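Participant: A predicted structure for the sequence below; I have some questions about it.
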Amino acid sequence: MTLPRTVAEILRQHVTLEVECIDRMYLNVYVARLQHDKGVAWFLRHHRGHPVATSYLIEPITKAFMAAIDTFVKHNGVPLLTFAKGQRKDDLAAHYRAAFTEREGVLFVGKAQEKTWVFRTEKRINPKTGRKFPWLVRTTSMVNHFYFYCIDDDFGPFFLKFCSYFPYTAKLCINGHEYLKRQLAKEGIAHEALDNGILSCANPQRLQQLCDGLSAEKIDALLRKWLARLPHPYTAADRAAGYRYEISILQAEFSLTQVLDRPLTGRIFFEEVIRENLDIGRPDHVQLVFQRPIHKRTRGCFRTRVVTEGVTPALYIDYKRCRIKQYHKEGRALRTETVVNNTVDFKIGKRLHNLPAVREVGFRANRRLLDVQRVSHDCAIGEEVFRQVTEPIAVNGQRASALRYADPCVLALFSALLVFRLLPRGFANHELREHLAALLGEAPSALTQGRMTYQLRRLRLHGLIVRRPGTNRYEVTRCGFRIALFFTRSYARVIRPGLTELCEPSSAAATQLRRAADRFEAAMDHHVARAQLTPQT
């Protein structure tokens, strides 16, 4: 019996580069004192010196902010675009980045209407006097947002999105892998980039040190640097009075990228991981990944999903409002990334200074998932052996054709090898001719010397037989015997009888396999017929 092994154990044998890095981070940029109605009232009455707190007093601040954006765009020659509905902003940013030649700067400013929290004024009535008075309330509204797509010398591409309405909250989006690529280029370390990742690096140790060096302090410094360059909704007096932007974590992705030494078999391996770990999202399993106890009263969603985009499958494991995504990246690497959408799920605060604690949760979850996942075998080895046998091969300048699975001549060769494996002296050319001719239904004289030499050469180059030193005799290798036995038995006992059961026209062949195929075909026919009758909406 074969005991299942963890994915982590198998990957140790096939990984050429391993990188733990913060991927995308989506950060909330806000003035903490202006997130509630009392704080806004204090700002208007006591800081700005107005007699009453009303949203009408906010309009001049908004107009000044909009004017500052218009002046910035015109003075710097930056394009001001209006995003179309459904337009992919990342594609547009990539187009502008391709034409940008400076080390850093603003690519363009984009405008879009989005729903957000704002403050408005309601008229309320004093129950004692009956007089009306204004009252600030927090509500939602569709307002303009301005996206500043920029390139930073240290962080590479990022964007800062401002709401055009009070209290002018903003969102900062950065990418840790872009930061990493910039740092590698600055230090002159040779590397090959992977889309949103690193494929190879001349100094892997320094690579990981740079990943670990992406700190909350550096992210905060990035924000301060660009707030000083871009239009700011608050005056210097406001900022001096303590109305300064702060940062909290809205979403953070923590990725583990493992570059595989056998890219062609990487997808096969990952699909095997998916097949054998569909129950990993169950509460009793997912609590092992996140090291958080889950009880009957624990709120949240715990499930496993397999999502296919095009032809690339991805495994999603949901835990409350967070998830782990695992997929085969660009056919070269296994990417495991934990996405933290709410740090409170782990009893961690949202402020940016909590990044080290959130980072530990994310990276530990990636590692523990690989330790929890089980696979029954290393399918990469089996796939490689299968292709070495069934595809053409070249050894030391000598070429040999493929030993195609289920090819009659190949099956005959393998059947002969099973007999010769028992001979202590091995076998010679003429002995193989006698057995092969009988299995092919031909006369031995029909198999010429050149034809037999051809068969012996391809068996030898594929590693199924070896020539005894100083003789003209051959012996079957241990691996050759096992391959010959497996190919012949699997064809004779699985492929041939299975196809007979599936395609036998007689109804008497109603085996379990045939009945299952009939039920599947009937279900598909019913589904197609129902789809054709359903009117299009």
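Facilitator: Arrived safely.
Participant: any idea of the mean pLDDT in stretch 115-126?
Facilitator: Averaged across stretch 115-126, pLDDT comes to 81.
Participant: pull out the buried residues from it.
Facilitator: Buried residues in stretch 115-126, counted by 16 or more other C-beta atoms under 10 Å: 118-121. For every residue, glycine as well, the C-beta is placed using N, CA and C.
Participant: same check on stretch 216-225?
Facilitator: 216, 219-220, 222-223.
Participant: want to throw these into a markdown table with pLDDT?
Facilitator: Formatted as a markdown table, the buried residues of stretch 216-225 follow (pLDDT from 0 to 100):
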| residue | pLDDT |
| --- | --- |
| Ala216 | 95 |
| Ile219 | 97 |
| Asp220 | 96 |
| Leu222 | 96 |
| Leu223 | 96 |
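Participant: quick check, nearest of the residues you listed to Lys350?
Facilitator: The nearest member of the buried residues of stretch 216-225 to Lys350, counting by C-beta to C-beta, is Ala216 at 12.2 Å.
Participant: quick one, what contacts Cys36?
Facilitator: In this structure residue 36 is His, not Cys. Arg138 (C-beta atoms under 8 Å, 6 or more residues apart in numbering).
Participant: got phi/psi on it?
Facilitator: Main-chain torsions, His36, degrees, to the nearest 10: phi -140, psi 160.
Participant: how close does it sit to Val52?
Facilitator: 18 Å (C-beta to C-beta, to the nearest Å).
Participant: about what we covered before: helices - which of the buried residues of stretch 115-126 land there?
Facilitator: Taking DSSP state H, every one of the buried residues of stretch 115-126 sits outside helices.
Participant: which two from those residues end up farthest apart in space?
Facilitator: Greatest spatial distance among these (C-beta to C-beta): Val118 and Thr121, at 11.0 Å.
Participant: in JSON lines: the buried residues of stretch 115-126, plus distance to Asn76.
Facilitator: Formatted as JSON lines, the buried residues of stretch 115-126 follow (distance: C-beta to C-beta, whole Å):
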{"residue": "Val118", "distance to Asn76": "28"}
{"residue": "Phe119", "distance to Asn76": "31"}
{"residue": "Arg120", "distance to Asn76": "33"}
{"residue": "Thr121", "distance to Asn76": "36"}
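Participant: list of residues touching the helix or strand where Gly498 lies?
Facilitator: If you go by DSSP states H and E, Gly498 is part of helix 496-503. Contact with helix 496-503 is made by 509, 511, 513-514, 517, as judged by C-beta under 8 Å, 6+ apart.
Participant: quick one: buried ones out of those residues?
Facilitator: The neighbour-count criterion (16+ other C-beta under 10 Å) marks Arg514 among those as buried.
Participant: out of the contacts of helix 496-503, flag the one nearest to His14.
Facilitator: Set against His14, the nearest of the contacts of helix 496-503 by C-beta to C-beta is Leu513 (34.8 Å).
Participant: ok, the closest one - contacts?
Facilitator: 498, 501-502.
Participant: who wins on neighbours among those residues?
Facilitator: Ranked by the number of neighbours (other C-beta atoms under 10 Å), those place Glu501 first, at 17 neighbours.
Participant: need the longest helix for the chain.
Facilitator: Identified as the longest helix of the chain according to DSSP H is helix 512-533.
Participant: pLDDT on it, on average?
Facilitator: What helix 512-533 shows for mean pLDDT is 78.
Participant: for that helix, buried residues please.
Facilitator: By neighbour count on 16+ other C-beta under 10 Å, the buried set for helix 512-533 is Arg514.
Participant: just the pLDDT at the residue of the chain positioned farthest from its centre, thanks.
Facilitator: Most distant from the centre of the chain: Thr129, at 62.7 Å, with distances by C-alpha atoms, centre = their mean. Among the per-residue scores, Thr129 shows a pLDDT of 79.
Participant: distance of it from Val52?
Facilitator: Distance, Thr129 to Val52, using C-beta to C-beta: 16 Å.
Participant: for the stretch 201-350 of the chain, which segments are assigned as strands?
Facilitator: In the stretch 201-350 of the chain, the segments counted as strands under DSSP state E, counting those that start in this stretch are 246-260, 302-309, 312-319, 322-329, 333-340.
Participant: check those for me: which has the lowest mean pLDDT.
Facilitator: Mean pLDDT is lowest for strand 302-309 among these, at a mean of 64.
Participant: hang on, isn't Thr169 packed against Thr116?
Facilitator: Yes: with contacts counted by C-beta atoms under 8 Å, Thr169 reaches Thr116, the gap being 7.1 Å.
Participant: what is in contact with those two at once?
Facilitator: Common neighbours of Thr169 and Thr116 (C-beta under 8 Å, 6+ apart) are Cys163.
Participant: quick one: Leu27 is in a strand?
Facilitator: Yes: per DSSP: H, G, I helix; E, B strand; the rest coil, Leu27 lies within a strand segment.
Participant: quick check: bridge partners of it?
Facilitator: Leu172, Ile249 (DSSP bridges).
Participant: so what's the residue most central in space within the chain up against?
Facilitator: Central residue of the chain (C-alpha atoms, centre = their mean): Tyr327, 4.5 Å from the mean position. Tyr327 is in contact with 270, 312-315, 334-335, counting by C-beta under 8 Å, 6+ apart.
Participant: repeat the analysis, applying 6 Å as the threshold.
Facilitator: Residues in contact with Tyr327 (C-beta atoms under 6 Å, 6 or more residues apart in numbering) are 314, 335.
Participant: likewise for Arg473?
Facilitator: Going by C-beta under 6 Å, 6+ apart, Arg473 touches 426, 428.
Participant: what about it, distance to Ile465?
Facilitator: Computed as C-beta to C-beta, the Arg473 to Ile465 distance reads 10 Å.
Participant: which parts of stretch 23-42 are buried?
Facilitator: By neighbour count with 16+ other C-beta under 10 Å, stretch 23-42 contains the buried residues 23-25, 27-31, 33-34, 39-41.
Participant: so where do the helices sit in the stretch 51-200 of the chain?
Facilitator: For the stretch 51-200 of the chain, helices defined by DSSP state H, counting those that start in this stretch occupy the ranges 59-76, 89-98, 176-187.
Participant: next one: the stretch 301-450 of the chain
Facilitator: With helices called from DSSP H, counting those that start in this stretch, the stretch 301-450 of the chain shows them at 355-372, 379-390, 408-420, 429-440, 449-461.
Participant: shaky segments in the stretch 351-500 of the chain?
Facilitator: 374-381 (pLDDT under 70).
Participant: quick check: Asn342 touching Tyr319?
Facilitator: No: contact criterion C-beta atoms under 6 Å: Asn342 and Tyr319 do not qualify, at 10.7 Å.
Participant: tell me which of these two has more neighbours.
Facilitator: Tyr319 (24 against 14).
Participant: the closest residue to Leu315 other than its chain neighbours: neighbour count?
Facilitator: Once flanking residues are discounted, Leu315 sits nearest to Gln326: 4.5 Å by C-beta to C-beta, 6 or more residues apart in numbering. Look at Gln326: counted by other C-beta under 10 Å, it has 26 neighbours.
Participant: what's the distance between Gln326 and Ala53?
Facilitator: Separation of Gln326 from Ala53 (C-beta to C-beta) stands at 51 Å.
Participant: next one: Pro313
Facilitator: Distance of Pro313 to Ala53, given as C-beta to C-beta: 55 Å.
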